[in-house]
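Asks: Give me the fold of what follows.
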Amino acid sequence: MSIKLDQVQEELGTYIQENPNLLSSMVYEAEITVNKYAQTLTKINGEYPMVHSLMSHVVQGFKSEWQELGEANFRAKLLKSFKQKVNFSFKPSDMLGTWLAKLYTEGKDAKDHQISEHITDDLKKQVIIDLEILSMEGERDDANADGEFGKSLNGLLTLLKKGLLSATDPMFSIPLEVAVLANILDVVEEFETGIPLRYAKGPVFMSRPMALLYKKAWRDTYGDNTDFSANSAGRTPLLDLEIIVLPIPGNVIFTTVDGNLKRLIDIIDKPEITDIQKQDYVLKLFMEFTLNYDFAINQLVFVGNFDGDAVRGLGNNELNKIYFPQEVFEPVTP
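Replies: Below is the predicted model of the structure:
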C-alpha cells in the first residue's frame, strides 16, 4: 500500500476543519498536572494587570460619633502570557507503517481511523508531554525562546525561584533544613508550623522526590501501628492537609490560597493550526497558541526555603506588617 502526499494534505486539512478545537484539546488537556490546579485567566494582547487590596481592621465598638478606622493599601502585579508555536514536519510515507499496524492491532478499517487522525493523535501526545515539562520546569528567555525547547514560558520551579528572590513581589519564605529520609517528617512539620495562621488550609504541593521520602519515612515510622493506612501518607502530619505530588526534581514544597495560581491564555489568539504546507516529500504543520503560568499574589505563596540563611516571611519588615499583621517576625536587616 502506498500513500500520496497530496492525499494526506487534503485529508489532514479536512480533518482539522472538522475538528476546530483540535489544538485547544492539546494545550488545555486535563492530563497536564498544573491545569488541574490553575485557574484559567483570559485576556487580550498577553497582559493581565492584577490588583489586590489589603485592609487593616475596620470593626470597632459602637459610639454615636464618626471614628474612622481602617486603611486600604492597593498593590498591583502585571501577569504576562507568551506566544507559542509548533512547527512540525513529517513524511507521510514514514507514518504509513505505524498507521497500518494500529489498524491491524485494533481491527479497524482505514475509514474508521484515518491517517490524519493517527498523525494528530501522535502529535497531541508530544504536545502534552512538552507542556507538562514546561509548566513545571520552563524558564522564559525572551532572547532564546524560539528555535529550542524549554525557554518559551515560565513553569512552577522558575516562579518559585524568582518569587523567593524578588524584592518587589516576594513570596513568603519558610526556612527548612534540606530534606533527607532521617528528617523528612520533621521538615514537613516545620513547614506546616511556618505557614501564617489564617492561610494554613492547603493543599500542600510537593516535588516527587520529596513526596517519596515522606511516604517512605511515614511507612517506616507508623507502618506497624494497627490503625496504619497507606493513604494517610498523602496528608501532612499536623494540619492534615492534602499533599499534591508534582513531577519536578529536588526539594520543593509550597502552598497557596485557592485560585492564586493562574493559567494565562488569550481569548483572541485561540490555539489553532494555521497552515499545512507541502514541500518536497514532507508536510509541514504550523500551530500557534498563547500560554503562561503565574501567581496573582506572590505574597500569598508560602514556600519552603532550603537556603541556610533563609528568614521566615517576605524579607521586608514593612511588607510583613502589611500582609501579615498578626504574625510575629524577626526584624529583617536591609
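Asks: quick one: low-confidence parts of the protein?
Replies: By pLDDT under 70, the weakly predicted segments of the chain are 1-3, 44-45, 95-113, 224-231, 268-269, 334.
Asks: let's see it at 50
Replies: 101, 104 (pLDDT under 50).
Asks: As CSV, could you dump the C-alpha coordinates of the longest strand anywhere in it?
Replies: If you go by DSSP state E, the chain has its longest strand at strand 282-295. Only the C-alpha atoms of strand 282-295 are listed here, as CSV (Å, rounded to 0.1, in the frame of the first residue of the first chain):
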residue,chain,number,x,y,z
VAL,A,282,7.2,16.3,3.6
LEU,A,283,4.2,18.1,5.0
LYS,A,284,4.6,21.0,7.4
LEU,A,285,2.1,21.8,10.2
PHE,A,286,2.0,25.3,11.6
MET,A,287,0.4,25.7,15.1
GLU,A,288,0.1,28.8,17.3
PHE,A,289,-1.2,29.4,20.8
THR,A,290,-0.7,31.7,23.8
LEU,A,291,0.1,30.4,27.3
ASN,A,292,1.9,31.1,30.5
TYR,A,293,1.5,30.4,34.3
ASP,A,294,1.9,32.8,37.2
PHE,A,295,0.6,33.6,40.7
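Asks: What is the distance between stretch 116-133 and the centre of its chain?
Replies: From the chain centre to the centre of stretch 116-133 is a distance of 19 Å (Cα atoms, centre = their mean, to the nearest Å).
Asks: ok, and what's touching it?
Replies: Residues outside stretch 116-133 that contact it (Cβ atoms under 8 Å, 6 or more residues apart in numbering) are 8, 11-12, 14-16, 19, 22, 25-27, 29, 31-33, 86, 88, 90, 95, 98-99, 102, 149-150, 155, 247, 285, 291. For glycine as for every other residue, the C-beta is placed from the backbone atoms N, C-alpha and C.
Asks: List the neighbouring strands of the following helix or strand past the longest strand of the chain plus their orientation.
Replies: The helix or strand immediately downstream of strand 282-295 is strand 301-305, counting by DSSP states H and E. Looking at strand 301-305 with DSSP bridges, its partner strands are strand 172-175 (parallel), strand 253-256 (antiparallel).
Asks: Serialize these to TSV and add fields for mean neighbour count and distance to residue 207.
Replies: TSV is the format used below for these (neighbours: other Cβ atoms under 10 Å; distance: least, Cβ to Cβ, whole Å):
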stretch	mean neighbour count	distance to residue 207
strand 172-175	22	15
strand 253-256	26	7
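Asks: Residue 142: which of those strands is closest?
Replies: With distances scored as Cβ to Cβ, the stretch of those nearest to residue 142 is strand 253-256 (26.0 Å).
Asks: The following helix or strand past the closest one packs against which elements?
Replies: Reading on from strand 253-256 to the C-terminus, the next helix or strand found by DSSP H and E is strand 261-266. In terms of contacts (3 or more Cβ pairs under 8 Å, 6 or more residues apart in numbering; DSSP states H and E), strand 261-266 is packed against strand 39-43, strand 72-80, strand 282-295.
Asks: Parallel or antiparallel, which strands does the helix or strand just after the shortest one pair with?
Replies: Think strand 39-43. Per DSSP H and E, the first helix or strand lying C-terminal to strand 39-43 is strand 47-55. As defined by DSSP bridges, the strand partners of strand 47-55 come to strand 72-80 (antiparallel).
Asks: what's the spacing between the partner strand and its chain's center?
Replies: 21 Å.
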